[in-house]
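Asks: Here is the input, now give the coordinates:
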Amino acid sequence: MMLFKIALRNIVRNGRRSLMTASAIAVGSIALILFGEYNDFAFLGLQYQAITANGHLSVFEKGYFDFGSGNPAGYSISNYRSVMGLIENDPELKPMLNVVTPSVSLFGIAGNFSIDASKTFFGTGFMPSDRDKMRHWDEYGLRPANFVFPPLGLTDKDINRGIVGFGMARVLGLCGPLKVPNCPSPPKEAVTIDRTAPATSVNLMELAARDRVGEAAPVETAPRLDLLSATASGAPNVVTFYVNEAQNQGVKELDDAFVGMHLALAQELLYGRGEHKAVSIIIQLRRTEDLERARSRLDALFAQHKLPLEVHDFTELSAAYVQIRNFLTVMFGFLAVIMGMIVVFTIVNTMSMSVMERTNEIGTARAMGVRRSGIRRQFVIEGLMLGLIGATAGVILATVLSIWFNHAGIMYTPPGQARQVPVRLLTGDYVLLVRVWISLVVIATVGSLVPANRAAKMKVVDALRHV
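Replies: Below you'll find the model as predicted:
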């Protein structure tokens, strides 16, 4: 206890220097805590975004994950309704489930023949009521209280309506009918197609036009597209699609190619007159912490019933989630190294100055019988106390700043999102606070070992006659 009293007096005696050292430690603590809390919130936000769109788990036909993207019809689940019933009625899985729904993914060409425009598309077919329920999942409480969901644009009863991305609407000339904001006009006039010229290959747009011959005038007032794709047998197939709305998908590549449609329409387009299957079965759980347990149970269930199915979680299906999480983790580690080096050099500099100023005191203490370990211990305790003061002040200030940030209303557009959201920090992460506090105290203590060893190794005679 006496050593702590002496250390505190020495810290107070050099008040200005001690204040600057503790301030440097506090700044490092604030930087690490604020960035760590932002990372925590970003990780939860990425999870929320992936889970509301694609669920926690997805069930595929075995082999789809490696080869099915080029042949979705060939790697589809034929008995998906019975598989869904098996999952929903399992007594172990049932309490964990929030939504179990089929999904169809496909590729093709979308054509707007009123202006002779076409565009390759990536389509997703889903049950609108299930998708709407998935969008309302909010285990982490990240949505503001006044948040209003934009309309989905689909209903279970109307299978011919759907949505497209802003980019798809722009390319196909739907900006006016869909009232898409900030939509530029094309710099060039549309090229008139000579339909009398001989075709050198299969013209899918012409195929769609012939398919529409003899149809009654549509009653729908929404813009119409013709979606062209190949069925499982390789034959071209055409369906009519009415666009309710254009919605920003957040990522330009997806926004320029996205088409969201009813599950039944996607099945009609992909499978034609054949058996209507599902490319995947999406499972959204009530709690993310049940993910591993649910996945293990699904694997056991499929093995028990000898079903050729495989299960993948959202981290495997969302490359952006893993990449962004790894990037932020590396950035936090890089910042931690920098802050640690600043604290070490600050402590070494402060304690070295203290050793030089107290050389005579060190010599006197050594002459009175204090061992080298006692001198070393004295300076190490001073470094420890500076670390305690600086780290504690940093934790308190960081907590105050976190609360201020969460109420400041600062807005930004995070990766993969189409609209601005407020900058928020995940306050109350006590594990992070304790880790930062302990780390900086330990770093300050270790940093003081260098000047402490120098003080302990001084020769008594040289120290006593030091001027």
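
Asks: Could you use CA atoms for every contact and neighbour count after this?
Replies: Fine.

Asks: Of all the residues in stretch 234-246, which ones are buried?
Replies: Of the residues in stretch 234-246, Pro236, Asn237, Val238, Val239, Thr240, Phe241, Tyr242, Val243, Asn244, Glu245, Ala246 count as buried by neighbour count, 16 or more other Cα atoms under 10 Å.

Asks: Bridged to the residue nearest to the third one when sequence neighbours are not counted, which residues?
Replies: Take Val238 and drop its neighbours on the chain: the residue closest to it by Cα to Cα, 6 or more residues apart in numbering is Leu228, 4.7 Å away. In this structure, Leu228 bridges to Ile109, Val238 when assessed by DSSP bridges.

Asks: Do you know the pLDDT at Leu228?
Replies: Listed pLDDT for Leu228 reads 88.

Asks: swap in the one 3 residues further on?
Replies: The predicted structure scores Thr231 at 77 on the pLDDT scale.

Asks: got the contact list for it?
Replies: Going by Cα atoms under 8 Å, 6 or more residues apart in numbering, Thr231 touches Ala73, Asn237, Leu269, Leu270, Tyr271, Gly272.

Asks: Next, find the distance separating Leu464 from Val380.
Replies: 22 Å (Cα to Cα, to the nearest Å).

Asks: scratch that, Gly55
Replies: Taking Cα to Cα, one finds Gly55 at 53 Å from Val380.

Asks: Could you point out which residue ranges in the stretch 51-200 of the chain have low pLDDT?
Replies: For the stretch 51-200 of the chain, the stretches with pLDDT under 70 are 69-70, 144-151, 153, 186-200.

Asks: All the helices of it, residue numbers only.
Replies: Ranges of helices in the stretch 51-200 of the chain, per DSSP state H, counting those that start in this stretch, are 64-67, 80-88, 128-135, 166-171, 175-178.

Asks: on contacts alone, who are the packing partners of the fourth one?
Replies: With contacts defined as 3 or more Cα pairs under 8 Å, 6 or more residues apart in numbering; DSSP states H and E, the secondary structure elements packing on helix 166-171 are strand 117-126, strand 236-247, helix 252-255.

Asks: any residues touching the last one, and which ones?
Replies: For helix 252-255, the surrounding residues in contact (Cα under 8 Å, 6+ apart) are Phe122, Val164, Gly165, Phe166, Gly167, Met168, Asn248, Gln249.

Asks: what's around the residue lying closest to the third one once chain neighbours are set aside, how many residues?
Replies: Closest residue to Gly165 apart from its sequence neighbours, by Cα to Cα, 6+ apart: Asp255 at 4.5 Å. Residues near Asp255, counting by other Cα atoms under 10 Å, number 22.

Asks: Likewise for Phe166?
Replies: By other Cα under 10 Å, neighbour count at Phe166 equals 27.

Asks: same check, this time on Ser296
Replies: 11.

Asks: so how far is the host helix or strand of it off the chain centroid?
Replies: Per DSSP states H and E: Ser296 is located in helix 291-304. Relative to the chain's own centre, helix 291-304 is displaced by 25 Å; criterion: Cα atoms, centre = their mean, to the nearest Å.

Asks: OK, contacts around the nearest residue to Leu174 once chain neighbours are set aside?
Replies: With sequence-adjacent residues excluded and distances taken as Cα to Cα, 6+ apart, Leu174 is closest to Pro223, at 7.2 Å. By Cα under 8 Å, 6+ apart, the contact set of Pro223 is Leu174, Pro177, Leu178, Tyr242, Val243, Asn244.

Asks: One more: Leu426?
Replies: So Leu426 contacts Glu37, Tyr38, Asp40, Phe41 (Cα under 8 Å, 6+ apart).

Asks: could you measure the last one against Tyr140, distance?
Replies: With distances defined as Cα to Cα, the gap from Phe41 to Tyr140 amounts to 10 Å.

Asks: who has more neighbours, these two?
Replies: In terms of neighbours (other Cα under 10 Å), Phe41 is the more surrounded of Phe41 and Tyr140; the figures are 19 against 13.

Asks: Could you tell me how far the more buried one is located from Gln47?
Replies: Taken as Cα to Cα, the span from Phe41 to Gln47 is 10 Å.

Asks: Next: Ile342.
Replies: Separation of Ile342 from Gln47 (Cα to Cα): 34 Å.

Asks: So which of the two has more stuff around it?
Replies: Shown here are Ile342 and Gln47; by other Cα under 10 Å, Gln47 has more neighbours (20 against 15).

Asks: quick one, strands of the protein?
Replies: Per DSSP state E, the chain carries strands over the ranges 57-61, 97-112, 117-126, 161-165, 224-230, 236-247, 258-262, 280-285, 309-313, 411-412, 421-422.

Asks: domains of the protein?
Replies: Listed by automatic domain parsing, the domain ranges of the chain are 2-46+322-464, 63-307.

Asks: Can I get those in TSV including distance to Glu316?
Replies: Formatted as TSV, the domains of the chain follow (distance: least, Cα to Cα, whole Å):
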stretch	distance to Glu316
domain 2-46+322-464	8
domain 63-307	10
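
Asks: Could you say which one of those comes nearest to Thr315?
Replies: Closest approach to Thr315 among the domains of the chain (Cα to Cα): domain 2-46+322-464, 6.4 Å.

Asks: From the chain's centroid, how far away is the closest one?
Replies: For domain 2-46+322-464, the distance to the chain centre is 30 Å (Cα atoms, centre = their mean).

Asks: Straight-line length of it, end to end?
Replies: Terminal-residue distance, domain 2-46+322-464 (Cα to Cα): 23 Å.

Asks: If you tally nearby residues, what's the number for Phe314?
Replies: 19.

Asks: who touches the residue nearest to it when sequence neighbours are not counted in this structure?
Replies: What sits nearest to Phe314 in space, not counting adjacent residues and going by Cα to Cα, 6+ apart, is His56, at 5.4 Å. Counting by Cα under 8 Å, 6+ apart, His56 makes contact with Ile282, Ile283, Gln284, Leu285, Thr288, Leu291, Asp313, Phe314.
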